[in-house]
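In: Starting from these lines, generate the structure:
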Amino acid sequence: MGSREKAFQFLREVPRLSEGNIGKLPGTKTPKKRGYGQNGKERGWGASARQKMHYGPLGYESGATPIQRKVPFERSYNYGHHTVKQFPPISLENLQLAIDTKRIDPSKPIDLTALSCSGVFPIDPEKNQFGFNLTNQGMDLFKAKVNIEVQWADEQAIAAVERNGGKITVAYYDLHSVVALASPLKFLKSGQPIPRRLTPPGNLLHKYCDPASRGYLAHQDLLQQERIVTAQKYGYEPPVYDENDELFKKTKDPRQIFFGLEPGWLISLQDKTIYKPEKEELKEMYVN
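Out: Predicted structure coming up:
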């Protein structure tokens, strides 16, 4: 009998593999389920006063099956909370205080880098923080003329900035750009090329295209019309920006994250040199 016939005979005689005749791998153990504790009721959360001072995890219902597991189609009240974009607030009062104490220079454009590097307004990308929200608290005390870029602002905060002849822009940055802007020195030392700014997600695109919100993707003519409407509503003269003014000269392209530095450039702090991409496919990738 040849080897082929022996193999076929072996397959005919050996029973089919199933869960019943397959042994466990050496070293593997069956995980044990959480028991009911020594006394049989508390599921390990304790019965003493010290242990009852600590709460169980979010959604724990004293050993009972949580409602989001009983009713599968009903999501938990905190569903997706860890993915929500956070915008830490900055009040106009605190911004004026930072300017008065020389933490921020109002003669230069103020963006996310200037705010985070001031040491007064920290931002942590690991906590899903995508920028700053300028609030109207202390709007009557705000007297500075600034060119500021934030990621969120309400109408009263916009009016307070433009009432003093300043300019405000509401711009979106993706998380990779926020990492670079939050600590630019650390990012440049890492040897990575400057990233390009990505477009806002679909649920925020209307916000950043809206001239009433001073979105950075809005048309300039519509922005000026909305400035006039806001000035008439709050009773002040609409701002007029001089193109020769150093405060308003610097602008950012929708793909830029740093003033004067294009995406794709590699900055060497040790050599004090800027390396620019030469291949056409790289140039096209960072431009589009």
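In: going forward, measure contacts between C-alpha atoms and count neighbours the same way
Out: OK.
In: Quick check, central residue of the chain?
Out: The centroid of the chain falls nearest to Phe130 when counting by CA atoms, centre = their mean (2.8 Å).
In: what's the pLDDT at that one?
Out: Listed pLDDT for Phe130 reads 94.
In: so it makes contact with Lys85?
Out: Yes: with contact defined as CA atoms under 8 Å, Phe130 counts as touching Lys85 (6.3 Å).
In: quick one: Arg197 and Asp253 touch, right?
Out: No: at 9.2 Å, Arg197 does not count as touching Asp253 under the criterion of CA under 8 Å.
In: Looking only at neighbour counts, state which of the two leads.
Out: Set Arg197 next to Asp253 and count neighbours by other CA atoms under 10 Å: Arg197 wins out with 21 against 14.
In: Leaving out chain neighbours, which residue sits closest to the more buried one?
Out: Of all residues beyond its chain neighbours, the one nearest Arg197 is Arg255 (4.5 Å), with distances taken as CA to CA, 6 or more residues apart in numbering.
In: Then Ala98?
Out: Counting by CA to CA, 6+ apart, Ile104 is the residue found nearest to Ala98 once chain neighbours are left out, at 5.9 Å.
In: ok, Tyr172 to Leu112 distance?
Out: 11 Å (CA to CA, to the nearest Å).
In: Looking at those two, which is more packed in?
Out: The neighbour comparison of Tyr172 against Leu112 (other CA under 10 Å) goes to Tyr172, with 28 against 24.
In: Would you check that Trp265 makes contact with Leu282?
Out: No: Trp265 is beyond contact range of Leu282, at 10.5 Å (criterion: CA under 8 Å).
In: show me where pLDDT drops low in the stretch 101-250 of the chain?
Out: Along the stretch 101-250 of the chain, the model assigns pLDDT under 70 to no residue.
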